[in-house]
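Participant: Kindly return the folded structure for what I paste below:
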Amino acid sequence: MKQTKWILTIAAVTLFSGMHCRLKKQNKNQEDYIMKTTKWILTAAAVVLTSGLLAGCGSNGSQTGTTTAALTGGTTAQAGATETNNTEANNTEADSTQTASDEGDLLAQIQEKGVITIGTEGTYSPNSYHDESGKLVGFDVEVAEKIAEKLGVRAEFVESKWDSLFAGMDSGRIDIVVNEVEVSEERKEKYDFSAPYTYIHGALLVAADNDEIQGVEDLEGKRAAQNLTSSWGQMAESYGAELVGVDSMNQSVELLLTGRADVTLNAETAFYDFMKNQPDQAVKIAGMTDSTTSSVIPVRKGNESLVRAIDSALEEMRESGELAELSVKYFGEDVTTQ
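Facilitator: Residues are numbered from 1 along each chain as shown. The predicted structure follows:
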């Protein structure tokens with residue numbers, strides 16, 4: 001700081017001299033020289049002064065680093081949030097998001113927000129898929145929209161792969177899943193369920209030239225193309241089939257036609273829809289299950305009021321005929337009654 005004061009004093013004297021010279025109307029070359037010298041000295045003073053200030057702040061260096069890290073972290077978090085919104089349902093915020101049973105009544109929260117967030121695959125025709133215009137449509141999509149309407153809220157869909165749908169519900173990002181879900185012992189541990197809204201037979205799809213498989217009793221030792229965590233996959237495995245993992249109907253059919261799988265077990269309605277839309281595929285339905293499976297809507301445990309509200313909405317749709325109409329529209333028959 002002493003050096004700075006000394007330099008500033010010289011600069012002031014020099015500047016005064018320059019001004020004095022101007023007043024005395026000395027020649028212009030001398031005036032320009034003095035003014036340039038003054039500017040140089042003032043610049044040097046500013047540099048020294050700045051260096052002193054920075055040196056004085058050196059003891060707070062760790063604080064500056066923390067601030068930078070916090071800003072960087074904030075930017076990263078924001079970018080991550082943007083990425084989350086652009087992908088099918090991911091597993092972020094699982095630690096920071098409490099379940100609805102911890103936070104309070106989920107139905108009340110949904111009605112307060114005015115939105116119910118619904119998880120669905122968006123790739124499973126005729127239940128949940130995109131039409132030629134790119135719009136999300138399907139039996140389950142319209143059922144979910146009707147439920148939202150009767151709850152007095154707006155339906156907001158989150159599309160994701162099958163396994164991620166339940167992870168999204170666990171984390172609280174998804175309120176309910178409407179995607180031909182069935183009850184299983186494992187799911188009973190974490191979820192409550194609505195009343196059934198469809199009753200569907202399972203069907204066995206094979207290559208057109210496959211005559212070995214006639215029914216589920218023929219699955220022993222056969223390769224079944226299945227979603228590894230679906231109820232249909234579990235059923236095929238229970239009959240002795242070896243599972244080959246797939247994510248879609250198209251993948252299942254591809255494996256059948258290339259000989260990498262022998263059979264796929266799924267809802268009869270899914271096969272009817274596939275064969276209607278792709279009649280040239282060399283596949284056939286080899287047999288049906290004797291029993292039917294039911295589609296239900298899972299809700300995180302501790303939200304009985306939401307389950308009751310969904311059941312009420314489904315019953316109203318059943319009595320009005322809306323549910324049967326949607327079934328015929330997408331499946332070609334009414335599968336909403338036993």
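Participant: C-alpha from now on. contacts and neighbour counts both.
Facilitator: Noted.
Participant: Next, the buried residues of stretch 143-151.
Facilitator: 143-148, 150-151 (16 or more other CA atoms under 10 Å).
Participant: Oops, could you answer that again for stretch 235-242 instead?
Facilitator: 236-237, 240-242.
Participant: Could you do stretch 224-236 as well?
Facilitator: With burial defined by 16+ other CA under 10 Å, the residues of stretch 224-236 counted as buried are 224-228, 231-234, 236.
Participant: CSV please, covering those residues and showing secondary structure and pLDDT.
Facilitator: Output for those, formatted as CSV (DSSP: H, G, I helix; E, B strand; the rest coil; pLDDT from 0 to 100):
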residue, secondary structure, pLDDT
Ala224, strand, 98
Ala225, strand, 98
Gln226, strand, 97
Asn227, coil, 92
Leu228, coil, 91
Ser231, helix, 87
Trp232, helix, 93
Gly233, helix, 94
Gln234, helix, 92
Ala236, helix, 96
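Participant: Looking at the residues you listed, spot the one nearest Ala203.
Facilitator: Nearest to Ala203 among the buried residues of stretch 224-236 is Trp232, at 9.7 Å by CA to CA.
Participant: ok, the closest one to Glu156 distance?
Facilitator: Applying CA to CA, to the nearest Å, one obtains 27 Å for the distance of Trp232 from Glu156.
Participant: Show the subsequent helix or strand relative to the longest strand anywhere in the chain.
Facilitator: In the chain, ranked by residue count with DSSP state E as the criterion, the top strand is strand 283-295. Sequence order places strand 298-300 as the next helix or strand after strand 283-295, per DSSP states H and E.
Participant: Show me what that next one is in contact with.
Facilitator: Contacts to strand 298-300, defined as CA atoms under 8 Å, 6 or more residues apart in numbering, come from residues 99-101, 169-170, 175-178, 181, 190-194, 306-307.
Participant: Can you tell me which of these end up in strands?
Facilitator: Taking DSSP E as the definition of strands, the contacts of strand 298-300 contribute 176-177, 191-193.
Participant: give me the low-pLDDT residue ranges for the stretch 1-150 of the chain?
Facilitator: Residue ranges of the stretch 1-150 of the chain with pLDDT under 70: 1-104.
Participant: can you redo the buried residues of stretch 235-242 as CSV with secondary structure and distance to Glu217?
Facilitator: As requested, the buried residues of stretch 235-242 are arranged in CSV below (DSSP: H, G, I helix; E, B strand; the rest coil; distance: CA to CA, whole Å):
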residue, secondary structure, distance to Glu217
Ala236, helix, 10
Glu237, helix, 11
Gly240, coil, 9
Ala241, coil, 10
Glu242, strand, 14
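Participant: now those in a markdown table, with distance to Ser164?
Facilitator: A markdown table is the format used below for the buried residues of stretch 235-242 (distance: CA to CA, whole Å):
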| residue | distance to Ser164 |
| --- | --- |
| Ala236 | 22 |
| Glu237 | 22 |
| Gly240 | 27 |
| Ala241 | 25 |
| Glu242 | 23 |
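Participant: Between which two of these is the distance greatest?
Facilitator: Greatest spacing in the buried residues of stretch 235-242, by CA to CA: Ala236 and Glu242 (8.1 Å).
Participant: Mutual contacts of the two, please.
Facilitator: Common neighbours of Ala236 and Glu242, counting by CA under 8 Å, 6+ apart, are Ala224.
Participant: Tell me how many other residues surround Glu182.
Facilitator: Neighbours of Glu182 under the rule other CA atoms under 10 Å: 17.
Participant: go on, Val137?
Facilitator: Neighbour tally, Val137, other CA under 10 Å: 17.
Participant: can you tell me which residues contact it?
Facilitator: Counting by CA under 8 Å, 6+ apart, Val137 has contacts 127-131.
Participant: Across the sheet, point out what pairs with it.
Facilitator: Tyr129 (DSSP bridges).
Participant: do the same with Val263
Facilitator: Applying DSSP bridges, one finds that Val263 bridges with Ala224.
Participant: Hmm, it is touching Ala203, no?
Facilitator: No: the criterion here is CA atoms under 8 Å, and Val263 misses it with Ala203 at 10.0 Å.
Participant: So which of these two has more stuff around it?
Facilitator: It is Val263, of Val263 and Ala203, that has more neighbours when counted by other CA under 10 Å, with 30 against 24.
Participant: any idea how far Glu145 is from that one?
Facilitator: 34 Å.
Participant: mind listing the helices for the stretch 201-338 of the chain?
Facilitator: Ranges of helices in the stretch 201-338 of the chain, per DSSP state H, counting those that start in this stretch, are 231-238, 249-257, 268-277, 304-320, 322-331.
Participant: what angle do the longest one and helix 322-331 make?
Facilitator: Following axes from the mean of the first three to the mean of the last three CA atoms, to 10 degrees, one obtains 80 degrees for the angle between helix 304-320 and helix 322-331.
Participant: Could you list the buried residues of helix 304-320?
Facilitator: Under the neighbour-count criterion of 16+ other CA under 10 Å, helix 304-320 has 304, 306-307, 309-314, 317-318 buried.
Participant: which residues sit against it?
Facilitator: 105-107, 146-147, 150-151, 192-195, 197, 299, 323-324.
Participant: try 10 Å this time
Facilitator: If you take CA atoms under 10 Å, 6 or more residues apart in numbering as the criterion, helix 304-320 is touched by 101, 105-108, 110, 143-144, 146-151, 175-176, 192-197, 296-301, 321-326, 336-337.
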